[in-house]
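Colleague: got a predicted structure here, sequence first:
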Amino acid sequence: MITEPEPHSGASSGPGPGPEPDPVRLPFFVYGTLRPGEANYGWALRGRTVTEEPARIGGASLYDGPGYPYAVAGPADAVVYGDLVLPRDTDYDEVCAALDRLEGCAPGDPGSVYERVATEAGCPDGRTVRAWVYLAAGPLAARLRATGTPVAGGDWRRARRPAGPGAATAPDRTPANLNDYFRTDP
């Protein structure tokens, strides 16, 4: 379930001492280039997290972008698959500011590309964890809903995996059948 953006300071947009600490230290739900093994994971998160685990969120849809996906608030039955990452306490503020910059997220700025919003992420063991997720903001979200290319199955990594025998693939920790992986019934 996607909720409205929560108040947070995030990265400062002007000169000064740098980002203010975020008052709410939630893990991040990542679904694209920030996932382990993807392009932005190495510089942004590698060695700076306490935990990383597969997860999914409901109420969001995924759209293909130019080398990365966009998530937007969607119908309640829509699901996006990704990973839940929790930065180490000592790195949290720096990681949060770096992710806000990467995602073009400036709280309160109507020109932001993404909004960082709180959501509930489901874990394979049945736990539900409150987490931050970056969703496409206002006009971009509307354009994606109207003309964007949905990512089949809500899993960007799986959707862009090359097909055929011997095709090169990036390291993938995604189970073969995510619906079975997340089943809670006996």
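Modeller: Looks like it came in fine.

Colleague: I'd assumed residue 60 was in contact with residue 72.
Modeller: Yes - using Cβ atoms under 8 Å, residue 72 is in contact with residue 60, at 6.6 Å. No exception for glycine: its C-beta is placed from N, CA and C like everyone else's.

Colleague: need the overlap of contacts for the two.
Modeller: Counting by Cβ atoms under 8 Å, 6 or more residues apart in numbering, the residues touching both residue 72 and residue 60 are residue 135.

Colleague: more neighbours: these two, which one.
Modeller: residue 60 (26 against 23; other Cβ atoms under 10 Å).

Colleague: show me what contacts that one?
Modeller: If a contact means Cβ under 8 Å, 6+ apart, then residue 60 has 2, 71-74, 78-80, 119, 133, 135 as its contacts.

Colleague: go again using 6 Å as the cut-off
Modeller: 2, 71, 74, 78, 80 (Cβ atoms under 6 Å, 6 or more residues apart in numbering).

Colleague: then residue 79?
Modeller: 56, 58, 154.

Colleague: my read: the last one touches residue 63, true?
Modeller: The one in question is residue 154. No - the pair residue 154 / residue 63 is not scored as a contact, 10.4 Å apart, by Cβ atoms under 6 Å.

Colleague: what about those two, which has more around it?
Modeller: More crowded of residue 154 and residue 63, by other Cβ under 10 Å: residue 154, with 24 against 21.

Colleague: and the more buried one, backbone torsions?
Modeller: Backbone torsions of residue 154, given as degrees, to the nearest 10, read phi 70, psi 20.
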